[in-house]
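Student: predicted model and sequence follow; I will ask about them next.
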Amino acid sequence: MIPQDLVLKVTPPRVQRHVVARGRLSSAADALRDAAALMVRAPAGTGKTSLLAQWRLEQLGLGVPVAWVSAQAVDDPDRLAQSLALSLRIAMARPAFGRSVLEDDRPGNLAGMTALLAELAQSAANVVLVVDEVDRLPAASRAALAYLLRNAPLNVRVFMAARPDGQLDIDDLIAYGQCVEIGAAQLGFSLEETLQLVQARFGARVGRDTAARLHALTEGWPLGLQLAMSIVGRGADTGADMNTAIAGLGAAGGALQGELVGLLLADMEAADRDFLVRVSVLELLHPALCRAMAGVDDAPARLTRLASDTPVFAATEGGDWLRMHALVRDALRRRFAGLDEAQQVRVHADAAQWLAAHDLLDEAARHALSAGQHQQAYALAERSLYESLMRHGRLGAVLEWLAQLPAEELDQRPRLLLAVAWTLASSERHEEAARFVARILAQPGASDALRCECALILGGAAVFADDPDRFVALHAPWTGAVPLTDPLLLQSHANRMAYCALLEGEPALARLREQQAARGHAGHAGHAGHAGHAGGVDHGTDYIRRWSELVVGLSYVWEGQALLAEPCLRSAVASAEAQLGRRHRFSCNLAALLAATAWARDLPADASALLADRLDVLEHSGLPESLMQAYLTASRMAVAEGAEHRALELLAALDAAGAARRLPRLRIASCVEQVRVHARRHRAQTCRELCDRIDAHLADPAVPQGPLWRHSAGMLRDVAQAYEAIAAREWQGALAPLERADEAARALRQGGLHIELLGLRALALERCGQPSVALVREAIDLARALGLQRVFADAHPELAAWVDTLAAGGDKPAAAAPAAVPMHPAPPPATSAVLTPKEREVLALLARNLSNKEIGRAMQAGETTIKWHVKNLFAKLDAGTRAQVVQRARILGLLGGQH
């Protein structure tokens, strides 16, 4: 007789209703589908079992039987073999399967596993074995499982999950690609997956910005996300506002922190709790550092054990270095603040001493300040902060020190003054940078190199002030040989040279100058220390070089070269987010340009995800061009979704940001885009009022008067005037401003705007009864060549309709641009509202020739329920057989091509 506990062991867990299938971790993904075995190895709370459950449903959806076993410490090799045999019997619906294994009670070491493998080979049926919690198995059973993996027939795949200490002797299988291992880093949710998860759970009640903030709060940690969703879900049941509930989750001592810490620390020994509280003050943890801080010799072993047994820690790139998840760290720091003050000072002092001895000066300075060692902290900050900023982009750290350093200390430390000036220059506080530069140059003995660096700082401030003429004037004295030797500053100077070329309408020259600089400074790429950067990872001049990536990407956006901009910016954004963080101001600047490109390529989901929870950062720290592109993209997406009120709200926010930062060109751009929105519905009076507002901005004596700024602003004014005439249907009157704006756009090499104006000019000529087809065909051909798939739809609906009519008539250009590839899979094709979501799911499985029983397993539903859904499909699609249901669904477009 089969023991009852075996029946419980082979019962698979039920998948939650709102679970989101993660395409990159699908068992059918390119990296996983050919592997005979998949091993998920990660600490508790990282979603191992959930991923196994997803794989199970995927295989059931393909009609493959899936056997599930939850391993236990009492499972010797024979009991493990019996569990697998029973699970296979149930999954394959073969009552006699595995009888010899289940009835043989003689201890035989691997005899049961061998018999099971032989029966599987003879069955000639594809099956999947799932073994969860492999780490709980005794050593002999893990060896038996490794034996099964090495000898499994071709019709068997094995999916496993284990904690990091659950080692199997299968390194050779992993090395040869027969087994693929998935770690904790891969299990973390990406932003796109979090957005899908929140959308599936709460629908439109939670906006994308709020969902992105939830992702940032939990860092994509599966356990943190699960708890957060549960807390917000409970609030939803009481009618609370979802966005407000999520905003309150991250508050110090909030519900999420309370539940999380209670869950993690409830059964933990007091010594472990005290250890975690003490080390929580560290940003990054190292075994030797923890030993120095905690004052216990077993600190390294304790850290290793806790990293394996709890979901508190996440690995970093630096080998032995770990970090706590932010939610846990913040909650533990609240407990640390409750310790005796002398204990806190001692912990910080020990940390500062160890970090300083290992040249991790940034962190050492912070802990020295917390320990009351002010002069030592200031000295450490002076040694580290400048390079930390220039090499690793730690602008936030500079601003924190600026708020804490007395003014007299700053004046005594010129290198700190430089770091502060650089940081302020690249933000909305750019005007303050000039005052710090004056303090630097007022000190005796200022060298030519220092004066050149100060010019670079002031040039950066001019860029953020949107004053291109001042930028060019500051750079002009340093266009030849420069008195700089530091590779960081040489790269920064090269970036300025390239940006000058871009402002003068030479984007190709800008890229050439960046390429020449990259070749010229290649020998310095690996130079430099790592002071202040814990984790043992040195990114060299990466941060400064990132600005060259931004200039190159901006040059492509400037030209309208969407096909070239997309791969360039996509890789730059991914790298910046990984090393600097998603909401770092530089990452946000890059993302704004990529979002504009994604929208131009007609990838709305990508553009929306890129802008989610970033507009506030751009308002304060964005380059004027990035800030403008972000808001224009968001506005155009809202118009395309039919939410004109939201588009106008966004453009009003752009105007407010321009006013707050004293950037009049952004205010003009906001008015121009509003004119464009109203011109779509021919609101002539509103367009006239907006054009009057633009004229008032241009007449303000406080706006920049340089030729570069006036040329750009004048071009925007001509665009607005053209749209004003179109709104009034004064087509003849639109031709002159269109020609002036187009001439200015061509002079600046702004290809996207040139194509838009070309199309509008053709439309105006067509409305005036003049020849125009050749002109619009040229615009269409140029748009296709550059990959601008939305340029006409964004310009005016009448132009878009005309282009569609020409395309329908067979007048498409011969060469088509490559299809855009989204960052994440596109949503399934739209289906008729007549079918319910469950009926659509049943229909997809019917198309795979699955029986009702197999469909029920895949959907976790009873066979009677499936029969009821199938009957409804027969009636709704007027079909008499299952084959007819599938055929009619294909004809009606209810099934995608993958079926």
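Tutor: Yep, that arrived. Residues are numbered from 1 along each chain as shown.

Student: so residue 40 sits in a strand?
Tutor: Yes. Counting by DSSP: H, G, I helix; E, B strand; the rest coil, residue 40 is part of a strand.

Student: show me where the stretch 501-650 of the chain has its helices.
Tutor: Here the stretch 501-650 of the chain has its helices, by DSSP state H, counting those that start in this stretch, at 507-520, 542-559, 562-580, 585-600, 604-611, 615-621, 624-640, 644-660.

Student: residue boundaries of the strands in the stretch 51-200 of the chain?
Tutor: 66-70, 127-132, 156-162, 179-182 (DSSP state E, counting those that start in this stretch).

Student: need the CA coordinates for stretch 404-420. PDB is fine.
Tutor: Taking Å, rounded to 0.1, in the frame of the first residue of the first chain, the C-alpha atoms of stretch 404-420 are listed here in PDB:
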ATOM      1  CA  GLN A 404      27.200  68.500   6.100                       C
ATOM      2  CA  LEU A 405      30.500  70.300   5.500                       C
ATOM      3  CA  PRO A 406      31.100  73.700   7.100                       C
ATOM      4  CA  ALA A 407      32.000  76.400   4.600                       C
ATOM      5  CA  GLU A 408      35.400  77.000   6.100                       C
ATOM      6  CA  GLU A 409      36.300  73.300   5.700                       C
ATOM      7  CA  LEU A 410      35.300  73.500   2.000                       C
ATOM      8  CA  ASP A 411      37.500  76.500   1.400                       C
ATOM      9  CA  GLN A 412      40.500  74.600   2.900                       C
ATOM     10  CA  ARG A 413      39.900  71.600   0.600                       C
ATOM     11  CA  PRO A 414      40.100  72.700  -3.100                       C
ATOM     12  CA  ARG A 415      39.500  69.100  -4.400                       C
ATOM     13  CA  LEU A 416      36.200  69.000  -2.500                       C
ATOM     14  CA  LEU A 417      35.300  72.400  -4.000                       C
ATOM     15  CA  LEU A 418      35.900  71.000  -7.500                       C
ATOM     16  CA  ALA A 419      33.700  68.000  -6.800                       C
ATOM     17  CA  VAL A 420      30.900  70.200  -5.600                       C
END
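
Student: check the gap between residue 208 and residue 788 for me.
Tutor: 25 Å (Cβ to Cβ, to the nearest Å). Bear in mind the C-beta positions are built from the backbone N, C-alpha and C, glycine included.

Student: likewise for residue 766?
Tutor: Taking Cβ to Cβ, one finds residue 766 at 21 Å from residue 788.

Student: of those two, who's got more company?
Tutor: residue 788 (25 against 18; other Cβ atoms under 10 Å).

Student: hmm, the more buried one is touching residue 561, no?
Tutor: No. Under the criterion of Cβ atoms under 8 Å, residue 788 makes no contact with residue 561, lying 9.1 Å away.

Student: tell me who's in contact with the closest residue to residue 637 other than its chain neighbours.
Tutor: Nearest residue to residue 637, sequence neighbours excluded (Cβ to Cβ, 6 or more residues apart in numbering): residue 604, at 5.9 Å. Residues near residue 604 by Cβ atoms under 8 Å, 6 or more residues apart in numbering: 598, 637, 640.

Student: what about burial for these, which qualify?
Tutor: 598, 637 (16 or more other Cβ atoms under 10 Å).

Student: using a markdown table, lay out the contacts of residue 604 together with distance to residue 550.
Tutor: Below are the contacts of residue 604 laid out as a markdown table (distance: Cβ to Cβ, whole Å):
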| residue | distance to residue 550 |
| --- | --- |
| 598 | 16 |
| 637 | 23 |
| 640 | 27 |
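
Student: pLDDT and distance to residue 88 for the contacts of residue 604 - can I get that in CSV?
Tutor: Formatted as CSV, these follow (pLDDT from 0 to 100; distance: Cβ to Cβ, whole Å):
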residue, pLDDT, distance to residue 88
598, 97, 47
637, 96, 50
640, 95, 52
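
Student: name the nearest of the contacts of residue 604 relative to residue 219.
Tutor: Nearest to residue 219 among the contacts of residue 604 is residue 598, at 24.1 Å by Cβ to Cβ.

Student: so that closest one sits right up against residue 607, yeah?
Tutor: Yes. Under the criterion of Cβ under 8 Å, residue 598 makes contact with residue 607 at 4.2 Å.

Student: and the residue nearest to residue 26 when sequence neighbours are not counted, what is it in contact with?
Tutor: Among residues not flanking residue 26 along the chain, residue 58 sits closest, at 6.2 Å (Cβ to Cβ, 6+ apart). Residue 58 sits next to 21, 26-28 when contact means Cβ under 8 Å, 6+ apart.

Student: now those residues: which count as buried?
Tutor: 26-27.

Student: circling back: residue 86 is nearest to which of the strands of the stretch 51-200 of the chain?
Tutor: Residue 86 lies closest, by Cβ to Cβ, to one member of those: strand 66-70, at 8.5 Å.

Student: sheet partners, orientation included, of that closest one?
Tutor: strand 127-132 (parallel) (DSSP bridges).

Student: restricting to C-alpha, output the strand it pairs with in PDB.
Tutor: Extracted in PDB, the C-alpha atoms of strand 127-132 (Å, rounded to 0.1, in the frame of the first residue of the first chain):
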ATOM      1  CA  VAL A 127       7.900  13.500 -19.500                       C
ATOM      2  CA  VAL A 128       9.200  16.200 -17.100                       C
ATOM      3  CA  LEU A 129      10.400  15.500 -13.500                       C
ATOM      4  CA  VAL A 130      10.300  18.400 -11.100                       C
ATOM      5  CA  VAL A 131      12.100  18.100  -7.800                       C
ATOM      6  CA  ASP A 132      11.700  21.000  -5.400                       C
END
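
Student: how many degrees apart are it and strand 156-162 in direction?
Tutor: Using axes from the mean of the first three to the mean of the last three Cα atoms, to 10 degrees, the inter-axis angle of strand 127-132 relative to strand 156-162 is 10 degrees.

Student: avg pLDDT for strand 127-132?
Tutor: For strand 127-132, the mean pLDDT works out to 95.

Student: same check, this time on stretch 836-844
Tutor: Rounded mean pLDDT across stretch 836-844 is 83.

Student: would you mark the buried spots in it?
Tutor: Those would be 839-844, for stretch 836-844 by 16+ other Cβ under 10 Å.

Student: contacts for it?
Tutor: 831, 835, 855, 859, 866, 869-870, 872-873, 876, 885-886, 889, 894-895, 899.

Student: so what's residue 307 scoring on pLDDT?
Tutor: 83.

Student: I'd say it and residue 43 touch.
Tutor: Yes. Residue 307 sits in contact with residue 43 when judged by Cβ under 8 Å, with a separation of 6.7 Å.

Student: any common contacting residues for those two?
Tutor: In contact with both residue 307 and residue 43: 164, 313, using Cβ under 8 Å, 6+ apart.
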